[in-house]
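# Okay, structure incoming, though there's no sequence with it:
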């Protein structure tokens, strides 16, 4: 057994002490002249590989150790604003040869809000927080998920509104480990009905490229239960502004738009009634991204033209849902690759609180003059009771000249209000070396502030609404099952 550090022992001792606390234990606070909120969490996880069980090799001090201790504090004061600070010690972050784990400041912010009858302003100074969401309704110029991958993100943000006019200014430094880049963003717009519009400018300074500015204009029009959205983005804005002006008749808008631009248009119709018991939603989206468009802070498929359409219908009386989706993607810069297809999902709820789902889809791919067709059919049945919920799934896929199948089951049994058993199992003949996956977990809550789990099976259990769509739960050929024990305590 690998020797644990003193910090790990102390953390485990404190969590076990929390586990023995009475279930009705309440936090004790001292009245302060201004509100102070304190929290702490210790999460100890022990992992043992199935192949090493005879030797008792617990990975309590390996680089994969997910044990963690965290504490945070928030202080609120009307005039001084709100201050937040969080510190944490993570076992898998340590590089100390002796195994000692150090606590580090992980994130924090200071914010202040001013509000009047028709005005509102907020200033935030932040470090390593996700503050890059700007509320764009179409394709964004920076994506919060993408920015969260940077090692450090330190900056300041100002948001303001005067009546229907809104504005945002943001500046930050993004640390990529061995180098850093600066980011500046500004946006202004009006939010009215039936038309709203916003203009924004994003500029950054990575090491590569001459000009990484992205300018964007966005407009939204709404009437009754329908809306129309359109946005135009252009990278390399510092080199001049270009508008569509090519040959419209030869290749349509995709040919006429500049190579360094990206356009998105969408029309939506929501909750359109059909009689007294049925309604439907519908949407259509068209996007064109030029081959020279560059924005590494938001997902964009350069050199592509895409059509997508959805229609969903629901009948209240018979508890039926249906969703039909079409997609058409053409890559102009990769041998004119094409992918077209459709997918239909139907769902029915029965009176015994059970659910039936039937899905099917077909896609046609064409690349370098070679065509291929993929099809799938997926059926599932599930039922939920007061202490039990379970689903069974079956799926058949056909790709090229091969047909393969997969099946799975997932269930949850709640013995009482504080304990449960969760099981998930998948078998597939897609790959003989990755044919099955099992995961079982016992969950306990001894007190209001403790959480204990004991599990066996694959480390990756999969995610998503459909069990058999996620192949990440199927392990590689050399992956063994693992035993996991986790104890979490909250203060």
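In hand now; what should we look at? These numbers were taken from a predicted model, which means no experiment stands behind them.
# Residue 90 against residue 101, yeah?
Yes. Contact criterion Cβ atoms under 8 Å: residue 90 and residue 101 qualify, at 7.4 Å. In this view, the C-beta of every residue, glycine as well, is placed from N, C-alpha and C.
# pLDDT below threshold where in the stretch 351-491 of the chain?
433-434, 460-463, 471-479 (pLDDT under 70).
# What of the chain?
Using pLDDT under 70, the flagged stretches of the chain are 1-34, 50-64, 94-99, 206-211, 237-251, 334-335, 433-434, 460-463, 471-479.
# what about the residue nearest the centre of the chain, which SS state?
Centrality entry for the chain: nearest residue to the mean C-alpha point is residue 145, 7.0 Å, by Cα atoms, centre = their mean. Here residue 145 is recorded as helix under DSSP: H, G, I helix; E, B strand; the rest coil.
# how close does it get to residue 73?
For residue 145, the distance to residue 73 equals 27 Å [Cβ to Cβ, to the nearest Å].
# Now the helix or strand where residue 329 lies: buried residues?
Per DSSP states H and E, residue 329 falls inside strand 320-331. By 16 or more other Cβ atoms under 10 Å, the buried positions in strand 320-331 come out as 322-323, 325, 327-331.
# Likewise for stretch 112-120?
residue 112.
# And stretch 330-345, by the same measure?
For stretch 330-345, burial by neighbour count (16+ other Cβ under 10 Å) applies to 330-332, 337, 339, 341, 343, 345.
# who has more neighbours, residue 90 and residue 101?
Shown here are residue 90 and residue 101; by other Cβ atoms under 10 Å, residue 101 has more neighbours (22 against 18).
# Check which strands are paired with the helix or strand harbouring residue 397 and give the direction for each one.
Residue 397 is part of strand 388-399 when elements are defined by DSSP H and E. Sheet pairing here is set by DSSP bridges, and for strand 388-399 it gives strand 370-384 (antiparallel), strand 402-416 (antiparallel).
# Out of those strands, which is closest to residue 220?
Among these, the nearest to residue 220 by Cβ to Cβ is strand 370-384 (35.4 Å).
# Any idea how far the closest one is from the middle of the chain?
Strand 370-384 sits 24 Å away from the centroid of its parent chain (Cα atoms, centre = their mean, to the nearest Å).
# And for stretch 65-75?
Offset of stretch 65-75 from its chain centre (Cα atoms, centre = their mean): 22 Å.
# Let me have the buried residues of strand 320-331 in a markdown table, extended by distance to residue 117.
As requested, those are exported to a markdown table (distance: Cβ to Cβ, whole Å):
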| residue | distance to residue 117 |
| --- | --- |
| 322 | 47 |
| 323 | 44 |
| 325 | 45 |
| 327 | 47 |
| 328 | 49 |
| 329 | 49 |
| 330 | 51 |
| 331 | 52 |
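# which one of the residues you listed sits closest to residue 291?
For those, the nearest to residue 291 is residue 331 (9.5 Å; Cβ to Cβ).
# Contacts only, for that closest one.
Neighbouring residues of residue 331 by Cβ atoms under 8 Å, 6 or more residues apart in numbering: 301, 303-304, 337-338.
# ok, now residue 438?
424-425, 456-458, 481.
# what bridges to it?
Bridge pairing for residue 438 - DSSP bridges - gives residue 425.
# out of the contacts of residue 331, who's nearest residue 291?
The closest of the contacts of residue 331, once distances to residue 291 are taken by Cβ to Cβ, is residue 303, at 3.7 Å.
# SS state for the nearest residue to the closest one once chain neighbours are set aside?
Excluding the flanking residues, the one nearest residue 303 by Cβ to Cβ, 6 or more residues apart in numbering is residue 333, at 3.1 Å. Of the three states, residue 333 takes coil according to three-state DSSP.
# residues in contact with residue 333?
291, 302-303.
# Just the closest of the residues you listed to residue 125, please.
Looking across those and measuring by Cβ to Cβ, the closest to residue 125 is residue 302, at 34.9 Å.
# ok, residues contacting stretch 264-273?
Contacts for stretch 264-273 (Cβ under 8 Å, 6+ apart): 138-139, 225-231, 279-287.
# Now restrict those to buried residues only.
138-139, 227, 229-231, 279-283, 285-287.
# can you tell me how far residue 467 sits from residue 371?
Look at residue 467 and residue 371: by Cβ to Cβ, they are 31 Å apart.
# Looks to me like residue 447 is in a strand.
No. Counting by three-state DSSP, one finds residue 447 to be coil, located in no strand.
# what's it sitting at in phi/psi?
Main-chain torsions, residue 447, degrees, to the nearest 10: phi -130, psi 180.
# Distance to residue 253 and mean neighbour count for the strands paired with strand 388-399 - can I get that in TSV?
TSV is the format used below for those (distance: least, Cβ to Cβ, whole Å; neighbours: other Cβ atoms under 10 Å):
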stretch	distance to residue 253	mean neighbour count
strand 370-384	26	15
strand 402-416	39	15
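# For residue 192, find the nearest of the ones you listed.
Closest to residue 192 of these is strand 370-384 (Cβ to Cβ; 44.3 Å).
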